[in-house]
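Trainee: could you work out the structure for the sequence below:
(2 chains)
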Amino acid sequence: GESVGLHLPTLSVQEGDNSIINCAYSNSASDYFIWYKQESGKGPQFIIDIRSNMDKRQGQRVTVLLNKTVKHLSLQIAATQPGDSAVYFCAEIGGFKTIFGAGTRLFVKA
Amino acid sequence: KAGVTQTPRYLIKTRGQQVTLSCSPISGHRSVSWYQQTPGQGLQFLFEYFSETQRNKGNFPGRFSGRQFSNSRSEMNVSTLELGDSALYLCASSSQNPGTSAGEQYFGPGTRLTVT
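Mentor: Below is the predicted model:
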């Protein structure tokens, strides 16, 4: 499959544990944030989004937290499964432009 | 609905050549964005098209260009290829007008370009 970043920060978790992936964004004027998951050989896949007027949003097994004071975004994955192993990117959107973070590789140990 | 499709999936070119990559967005989506993904630089925005107009452009040299057709299909072209252009080129489509909100982007599988 495709190699998505050979030198990414890596998070290794035990199956069943919760995972927290962090992201610092750069533009305080960004008004929309998205978390993507990218598996080997595939394009990024939307997981969850949050607007800048919110500080928390929950999906199925995932929660995104937004702290605008420190320009920080986190993705929490509950009961992490082997299928969650992938590279996770945060993206900030302002105007017409989307800027992606460097990504974090998540390894799930069975 | 069919997803975003990109052709070709793999391509090998030599330095100095030019290449054209194609992207077909999800039916009904009018916004198409292109990204370059490399291990060292991550995902970098190339440009975005909406209704055949380039709405925004990233910080890439003029060798990188694109266009969008009336059916929303898009192409990107790279001229005078360099070794550093080797990358995965991703296309993403969105249904929403980026001027109002970014909207959720749906990515294609990418075209893996290798320049030798």
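
Trainee: what about the helix or strand containing A:Gln76, average pLDDT?
Mentor: Assessed by DSSP states H and E, A:Gln76 sits inside strand A:72-77. The average pLDDT within strand A:72-77 is 96.

Trainee: pull out the buried positions in it.
Mentor: By neighbour count with 16 or more other C-beta atoms under 10 Å in any protein chain shown, strand A:72-77 contains the buried residues A:Leu73, A:Leu75, A:Gln76, A:Ile77. Placement of C-beta: from N, CA and C, glycine included.

Trainee: just stretch B:9-16 next, same as before
Mentor: By neighbour count with 16+ other C-beta under 10 Å, stretch B:9-16 contains the buried residues B:Lys13.

Trainee: could you do stretch A:24-41 as well?
Mentor: Result for stretch A:24-41 [16+ other C-beta under 10 Å]: buried residues A:Tyr25, A:Ser30, A:Tyr32, A:Phe33, A:Ile34, A:Trp35, A:Tyr36, A:Lys37, A:Gln38, A:Glu39.

Trainee: just checking: what are the partner strands of the longest strand along chain A?
Mentor: Criterion DSSP state E: the longest strand present in chain A is strand A:86-94. According to DSSP bridges, strand A:86-94 forms sheet pairs with strand A:32-38 (antiparallel), strand A:97-100 (antiparallel), strand A:104-109 (antiparallel).

Trainee: and the contacts of the first one?
Mentor: Okay, so that is strand A:32-38. Here strand A:32-38 makes contact (C-beta atoms under 8 Å, 6 or more residues apart in numbering or on different chains) with A:4, A:21, A:25, A:44-52, A:62, A:64, A:66, A:73, A:75, A:84, A:86-94, A:98, A:100, A:103, B:101-102, B:104-105, B:107.

Trainee: before we move on, what about the last one?
Mentor: By C-beta under 8 Å, 6+ apart, the surrounding residues in contact with strand A:104-109 are A:4-5, A:8-15, A:19, A:21-23, A:77, A:80-88.

Trainee: out of the residues you listed, which end up buried?
Mentor: The buried subset of these - by 16+ other C-beta under 10 Å - is A:4-5, A:8, A:11, A:13, A:19, A:21, A:23, A:77, A:80, A:84-88.

Trainee: quick revisit: so how do I select the buried members of the contacts of strand A:32-38 in ChimeraX?
Mentor: In ChimeraX, this line selects whichever of the contacts of strand A:32-38 come out buried by 16+ other C-beta under 10 Å:
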select /A:4,21,25,44,47,48,49,50,52,62,64,66,73,75,84,86,87,88,89,90,91,92,93,94,98,100,103 /B:102,105,107
